[in-house]
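Asks: Turn this into a model:
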Amino acid sequence: MRQYLFTILLTAALTTALAWAVWRLSMRYKLYPGIRERDVHKTPTPRLGGIAIFLAIVTVVLVSASNPFFQIFWVDSRAVWAILAASLLIVVVGVADDLWDLDWTIKLGAQFLAAGVIAVGGGLQIYAVPIGGMTIFSSWVSIVLTMFSIVVVMNAVNFIDGLDGLVAGVCLIANGVFFVYTYILTRDTQTTNSSLATFLAAAMIGACAGFLVLNWKPAKLFMGDSGALLLGLLMATSTIVVTSQIPPSALDPQDGIGRSQLFGAFLPTLLPLVVVLLPLADFGLAVLRRTRAGRSPFSPDRKHLHHRMLDLGHSDRDAVLIFYAWTAVISLAVLLMYLASRENWPGEYWIGVVFGVLGVAACLVLTLLPTRRPIADSAEPPAAPTHAAQEA
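Replies: Modelled structure (predicted):
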């Protein structure tokens with residue numbers, strides 16, 4: 001655990017320092033776009049924070065090569081180099097888009113290319129799904145499923161990048177829960193606590209925490225497409241990596257294994273979905289809304305979930321905190337279900353279910369509360385929010 005804590009602290013320190021340097025250079029050379037109609041912030045703000053996140057994560061990955069504790073995923077380093085290459089591609093395209101607004105087809109093509117580097121070049125693929133022991137026999141089916149999964153998660157994360165600290169905080173919480181799960185899983189299924197999935201989660205925890213120093217309201221720096229797409233890429237990749245740690249027997253409930261193992265087989269698929277449930281919902285609604293209007297599914301608008309929360313009367317900071325609460329409640333509920341089944345706690349899954357139901361109810365109250373405030377309570381209209389991050 002100390003090795004992972006060091007990774008988190010090192011990544012956080014590097015991200016903060018690099019983000020400050022990127023901000024200073026961006027302000028000095030005016031590397032920031034003008035305000036667009038769909039933006040919430042009112043002051044031109046640099047959107048190149050993804051560069052700092054990328055450089056910090058690359059640095060800790062390279063440092064890990066000299067650490068004996070992490071040698072388990074450097075023995076066959078093809079996957080690591082593929083992840084770095086795909087990350088570089090996404091960041092370069094993301095930076096270009098943040099500066100010049102690239103056509104959506106170019107961005108989507110680059111995303112599939114990066115996903116292909118992970119699936120084909122790195123050999124990281126989804127080979128089995130925990131549904132009746134279903135195994136994907138065709139390599140092409142595995143590659144296509146893997147690529148689509150990575151691209152969907154990347155865009156889901158990018159779609160909620162619209163308020164100060166929103167993506168960084170949501171990814172911090174999501175990766176924190178995923179870190180706990182992968183650490184426990186690795187400890188139970190391997191002879192070492194070292195795992196590439198756990199390491200990536202730790203690096204993202206540090207990167208998000210370090211970036212929040214400059215990204216919390218009022219934000220000095222946005223992570224832009226480069227940062228949001230990078231986090232989505234790494235989150236999807238770490239999920240694919242951890243599925244390989246599940247014993248094949250755990251995918252077949254007929255083998256007489258315990259429910260905790262069976263639930264553990266589902267969790268690599270379930271947990272990443274629930275921790276990005278709101279981004280995925282926002283992504284799905286946006287695609288449906290835009291295609292029904294005869295527009296590209298990637299054309300921007302001002303109807304995302306965070307925009308709707310602002311319309312309900314929330315301040316941008318309150319909306320961000322509610323998003324944090326939703327992410328924490330849903331992901332922790334699923335993790336509690338796994339821990340309860342694994343440790344044979346009384347009630348097993350019901351602990352997580354009750355926690356989730358109560359938490360969701362509380363989040364709903366917080367989300368809808370502003371609509372119950374009478375307009376007369378305010379002597380003057382609320383001030384317009386001053387900062388928010390660029391959204392996809």
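
Asks: the bottom helix or strand of this structure by mean pLDDT?
Replies: Every helix and strand of the chain was ranked by mean pLDDT, DSSP states H and E. The lowest is helix 259-275, at a mean of 57.

Asks: Poorly predicted segments of the chain, please.
Replies: Residues of the chain that meet the criterion pLDDT under 70 lie in 33-42, 128-138, 244-280, 283, 298-308, 310-313, 341-354, 360, 363-368, 370-392.

Asks: And the helices in it?
Replies: Per DSSP state H, the chain carries helices over the ranges 2-28, 49-64, 78-100, 104-116, 139-159, 166-189, 196-215, 224-243, 259-275, 277-292, 305-311, 316-343, 349-368.

Asks: Is it possible to get a markdown table of those that adds mean neighbour count and distance to L124?
Replies: Yep, even glycine has a C-beta here, placed from its N, CA and C like the rest. A markdown table is the format used below for the helices of the chain (neighbours: other Cβ atoms under 10 Å; distance: least, Cβ to Cβ, whole Å):
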| stretch | mean neighbour count | distance to L124 |
| --- | --- | --- |
| helix 2-28 | 18 | 20 |
| helix 49-64 | 23 | 15 |
| helix 78-100 | 20 | 5 |
| helix 104-116 | 18 | 10 |
| helix 139-159 | 21 | 7 |
| helix 166-189 | 22 | 15 |
| helix 196-215 | 26 | 9 |
| helix 224-243 | 27 | 5 |
| helix 259-275 | 20 | 13 |
| helix 277-292 | 17 | 21 |
| helix 305-311 | 19 | 30 |
| helix 316-343 | 21 | 23 |
| helix 349-368 | 15 | 29 |
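
Asks: would a markdown table of these with distance to F70 be doable?
Replies: Formatted as a markdown table, these follow (distance: least, Cβ to Cβ, whole Å):
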| stretch | distance to F70 |
| --- | --- |
| helix 2-28 | 7 |
| helix 49-64 | 4 |
| helix 78-100 | 10 |
| helix 104-116 | 23 |
| helix 139-159 | 23 |
| helix 166-189 | 12 |
| helix 196-215 | 6 |
| helix 224-243 | 13 |
| helix 259-275 | 21 |
| helix 277-292 | 29 |
| helix 305-311 | 37 |
| helix 316-343 | 24 |
| helix 349-368 | 31 |
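
Asks: Please list all residues in contact with Y4.
Replies: F179, Y183, T198, F199, A202 (Cβ atoms under 8 Å, 6 or more residues apart in numbering).

Asks: ok so, going back, of all the helices of the chain, which one is nearest I126?
Replies: Judged by Cβ to Cβ, the one of the helices of the chain that comes nearest to I126 is helix 139-159, at 5.0 Å.

Asks: Can you tell me which helices and strands that closest one packs against?
Replies: helix 104-116, helix 166-189, helix 224-243, helix 277-292 (3 or more Cβ pairs under 8 Å, 6 or more residues apart in numbering; DSSP states H and E).

Asks: Dump those helices to CSV, plus distance to I143.
Replies: Listed next are the helices and strands packed on helix 139-159 as CSV, based on distance: least, Cβ to Cβ, whole Å:
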stretch, distance to I143
helix 104-116, 8
helix 166-189, 23
helix 224-243, 12
helix 277-292, 22
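
Asks: Quick one: closest of these to L9.
Replies: Short answer: helix 166-189, nearest of these by Cβ to Cβ, at 13.8 Å.

Asks: R47 and A219 touch, don't they?
Replies: No: R47 is beyond contact range of A219, at 10.1 Å (criterion: Cβ atoms under 8 Å).

Asks: Just confirm I118 contacts A82, I think it does.
Replies: Yes: taking contacts as Cβ under 8 Å, I118 lies within contact range of A82: 5.7 Å.

Asks: Find residues that contact each of these two.
Replies: If you check I118 and A82 against Cβ under 8 Å, 6+ apart, the residues they both contact are L124.

Asks: hang on, the earlier thing: among the helices of the chain, which is nearest G122?
Replies: The stretch from these with the least distance to G122 (Cβ to Cβ) is helix 78-100; that distance is 2.8 Å.

Asks: Give the other helices and strands that that closest one contacts.
Replies: Packing partners of helix 78-100 (3+ Cβ pairs under 8 Å, 6+ apart): helix 49-64, helix 104-116, helix 196-215, helix 224-243.

Asks: Serialize these to TSV and add fields for distance to M309.
Replies: Converted to TSV, the helices and strands packed on helix 78-100 look like this (distance: least, Cβ to Cβ, whole Å):
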stretch	distance to M309
helix 49-64	23
helix 104-116	25
helix 196-215	18
helix 224-243	18
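
Asks: right, so of these, which gets closest to A328?
Replies: helix 196-215 (13.8 Å).

Asks: For that closest one, output the C-alpha coordinates as CSV.
Replies: What follows is helix 196-215, C-alpha atoms only, in CSV (Å, rounded to 0.1, in the frame of the first residue of the first chain):
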residue,chain,number,x,y,z
LEU,A,196,-1.3,-2.4,-13.5
ALA,A,197,-5.0,-1.7,-13.0
THR,A,198,-4.5,-0.6,-9.4
PHE,A,199,-1.4,1.4,-10.4
LEU,A,200,-3.4,3.3,-13.1
ALA,A,201,-6.2,4.0,-10.6
ALA,A,202,-3.6,5.4,-8.1
ALA,A,203,-2.0,7.6,-10.8
MET,A,204,-5.4,9.0,-11.8
ILE,A,205,-6.3,9.7,-8.1
GLY,A,206,-3.2,11.7,-7.8
ALA,A,207,-3.6,13.5,-11.1
CYS,A,208,-7.2,14.5,-10.3
ALA,A,209,-6.4,15.6,-6.8
GLY,A,210,-3.4,17.7,-8.0
PHE,A,211,-5.3,19.2,-10.9
LEU,A,212,-8.2,20.3,-8.6
VAL,A,213,-5.9,22.8,-7.0
LEU,A,214,-6.1,25.0,-10.1
ASN,A,215,-9.5,23.7,-11.4
